[in-house]
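Asks: heads up, no residue letters with this:
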C-alpha cells in the first residue's frame, strides 16, 4: 500500500488526505496547531457564484466529502449579498468537529494535531520523511505540501502591519514550515496591485454581543446585514489590499456588510476600531478574529509552489505535490478543497506509477487550475487573485460557458469528460 504524508491540515490538507485514502493509500495527515481547517475555522462562505459549479463538479467526481460536511453544518443557504448569489454560510463552531468525524470514517487516515513539521529528510531528489522533532520522523512514498502561505510572524511584520493574533496562532504553535522550501524549491511570491508582496486576508470577525441587537437579529434571521457607513468613515483604499478580490466592490467600501457564520463576519481586511465605533450600531464593537483587526490581518501568498496542472511540484524534487494556497493564487475554501482533492488523488497515482490526472478545461475546476498556472507565469498575473466566486476568474467562467447552477447539466459535463466517480474508487 502506498503511503502518502500530507503536511498541513487546512481545507486543502484534509481534502488531500480523504482523496488519497479513497484512492487506496495509507495516509498520515499532520497539523501544527490543535485544530484542523486553518482559515476555515473563521471562514464560512461556500457555494457563492461559481463556487456552486465547482462544488457540484467535485461531488460528481467523488471528491466532495468536505462539501457534504459544510452543507450539513450550514446556518443559512441560498443567501444573496452584494455581488454574490446562492451562498451557503457554514457554522464555524461546528465545522471542525464535523470534519474530524469525516476523517475518522476512513481507517487508512491517521491524523495528528500538535505535529509541526520542522524539517525533511531526502535521498537524492526524493523526500523520504518529515521531521516533527529530534526523535520523530514520519516516512512516506509521496508528500503533499498543504502548509499554506501565511505566517510565520516575520512575514506579517515585513509585508503587513505586524502579527495581529489571528486564527493561525503562530505565537502559540510556531509558524508554518514550507516542505517545498526545505526541498530547495524556489517558491513564487504573489503581489498586491501596487507591486508590494503578499495580500491581506479578506475579512474580520466581530463578537455578536458587541453589536446592536437589531443588527444581530437581522443577521441571525437572514444571514446577512448591510449597514451604511457615514461618508467620512469610509476607507476605500483598504479594498486593494485584500486577498479576496471578489469582495473589492464599492458596496463593501460604502457599507458594513456582515455575514452570519456564528461570528459576525465583517467583509473587510481590517477596520480601525475608533472609526468602527463611530458607526451607529457598532459603538461597542470588539474583534473576534484577528484580535487586532483594527490594524490589519494576516498576510498570505508569500510562498507558492511552481507546479504543473496535476499539482506536482516543479523543481529538484521528485515526489512532492502541493495544494491550497501553496498551489497558487486560487483564493477560498472551495478552491483549497478542489486542489487538495486532486493532489491527494494524484499522489497515489504517482506512487503506483500510474498516469497522473489532469482535469480537463471543459470543467471549471480544470480550467481554473490550468488558467491560474498560466497567469502566474506573468508579472501582471501575480498581482491578481483568482476565485470561482468573483473578480477576473468568475468573469472568465461566464465567458467560457463554465458557470452553471443546473446540477444535472454539471453532472452530464463531468460524465462527458469520463470522470464520474473517478475520485471515489481506488487507483488500480
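Replies: Looks like it arrived, so ask away. Remember, it's a predicted structure, so these values are computed and weren't measured experimentally. Residues are numbered from 1 along each chain as shown.
Asks: Please make it C-alpha for all contacts and neighbour counts, starting now.
Replies: Noted.
Asks: In this structure, what helix or strand scores lowest on average pLDDT?
Replies: helix 250-254 (a mean of 83; mean pLDDT, DSSP states H and E).
Asks: and the residue nearest to residue 157 when sequence neighbours are not counted, how many residues sit next to it?
Replies: Leaving aside its sequence neighbours, residue 157 sits nearest to residue 163 (CA to CA, 6 or more residues apart in numbering; 6.3 Å). Using other CA atoms under 10 Å, residue 163 has 25 other residues around it.
Asks: With the one 10 residues further on instead?
Replies: Neighbourhood size, residue 173 [other CA under 10 Å]: 14.
Asks: In the chain, where's the longest helix?
Replies: Looking across the chain with DSSP state H, the single longest helix is helix 333-351.
Asks: Could you pull up the residues touching residue 284?
Replies: Contacts for residue 284 (CA atoms under 8 Å, 6 or more residues apart in numbering) come out as 210, 211, 277.
Asks: For residue 273, see how far away it is.
Replies: The gap separating residue 284 from residue 273 is 10 Å, by CA to CA, to the nearest Å.
Asks: Could you do residue 320 as well?
Replies: According to CA to CA, residue 320 stands 43 Å off from residue 273.
Asks: neighbour count winner among the two?
Replies: Taking other CA under 10 Å, residue 320 and residue 273 do not tie; residue 320 has more neighbours (29 against 18).
Asks: count of neighbours near the closest residue in space to the more buried one that isn't next to it in sequence?
Replies: Once flanking residues are discounted, residue 320 sits nearest to residue 143: 5.0 Å by CA to CA, 6+ apart. Other residues lying near residue 143 total 30 when counted by other CA under 10 Å.
Asks: Helices of the stretch 151-300 of the chain, start to end?
Replies: Assignment of helices within the stretch 151-300 of the chain using DSSP state H, counting those that start in this stretch yields the ranges 153-159, 170-173, 179-182, 213-222, 250-254, 273-276.
Asks: Mind telling me which of the ones you listed the model trusts least?
Replies: The stretch with the lowest mean pLDDT among those is helix 250-254, at a mean of 83.
Asks: re earlier: relative to the whole chain's centre, how far out is the longest helix of the chain?
Replies: 13 Å (CA atoms, centre = their mean, to the nearest Å).
Asks: The helix or strand just after that helix vs helix 333-351, what angle?
Replies: Heading C-terminal from helix 333-351, the first helix or strand you meet, by DSSP states H and E, is helix 364-375. Angle of helix 364-375 versus helix 333-351, following axes from the mean of the first three to the mean of the last three CA atoms, to 10 degrees, is 90 degrees.
Asks: which residues are contacting helix 364-375?
Replies: Helix 364-375 is contacted from outside by 53-54, 57, 307-309, 328-330, 338-339, 358-361, 381-382, 386, 388, 393, 397, 402-403, using CA under 8 Å, 6+ apart.
Asks: ok so, going back, mind listing what's buried in the least confident helix or strand of the chain?
Replies: The neighbour-count check on helix 250-254 (16 or more other CA atoms under 10 Å) flags 251, 252, 253, 254 as buried.
Asks: Just give me the closest of the residues you listed to residue 32.
Replies: residue 252 (33.8 Å; CA to CA).
Asks: Now do the domain split for the chain, please.
Replies: Structural domains annotated on the chain: 3-196+300-416, 202-289, as defined by automatic domain parsing.
Asks: Can you lay out those domains as TSV showing distance to residue 423?
Replies: Formatted as TSV, those follow (distance: least, CA to CA, whole Å):
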stretch	distance to residue 423
domain 3-196+300-416	5
domain 202-289	29
